[in-house]
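>>> Got a predicted structure plus its sequence, pasted below:
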Amino acid sequence: MAVAGIDGDTVYIDDSGLYTLSVSDFTAAWSAHRKGRHHALVVESVGTVDLSAAVRSALDTTVAHMTGPVLGNSFDVNFGFSGMAKFAAQLRDTRRKDGWAKRFGSPVAFAHGMRRIYECLELEYTAP
């Protein structure tokens, strides 16, 4: 669910379709469920944007994060291409304890782990 915009006293909500609520109704619903609230981001217009420069900057950042450090600490090996290579090596490894065959210990546990990886990578958290 996302608030697509606010115009006067109308809140436009995108939730598998476009819906409207009054600001007061939206505020009451948002405030009523404290534990269910999520982080709110507000995107405001900044005027004219150089789209070509923005696309180049986004591509440069993506390439930098895929090929180099992201966090600046030892956990960086788990991200980008180095993270993918490490993950693939652990999936194939049948001898070391950090290999997935040993980590899960039995064929049934390994199958459950592999199913969950498939669900995460193909169905839930990334584009197929």
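Perfect, thanks for sending it.
>>> what number of residues lie near A54?
10 (other C-beta atoms under 10 Å). Placement of C-beta: from N, CA and C, glycine included.
>>> Kindly report the same for A101.
As a burial measure, A101 scores 18 neighbours (other C-beta under 10 Å).
>>> I'd like to know which elements the host helix or strand of it is packed against.
Element membership for A101, per DSSP states H and E: helix 100-104. Helix 100-104 sits against helix 80-92, helix 107-118, with contacts defined as 3 or more C-beta pairs under 8 Å, 6 or more residues apart in numbering; DSSP states H and E.
>>> go again using 7 Å as the cut-off
With contacts defined as 3 or more C-beta pairs under 7 Å, 6 or more residues apart in numbering; DSSP states H and E, helix 100-104 has these neighbours: helix 107-118.
>>> Now the helix it packs on: buried residues?
F110 (16 or more other C-beta atoms under 10 Å).
>>> what's the angle between it and helix 80-92?
For helix 107-118 against helix 80-92, the angle by axes from the mean of the first three to the mean of the last three C-alpha atoms, to 10 degrees is 160 degrees.
>>> All good on my end, thank you.
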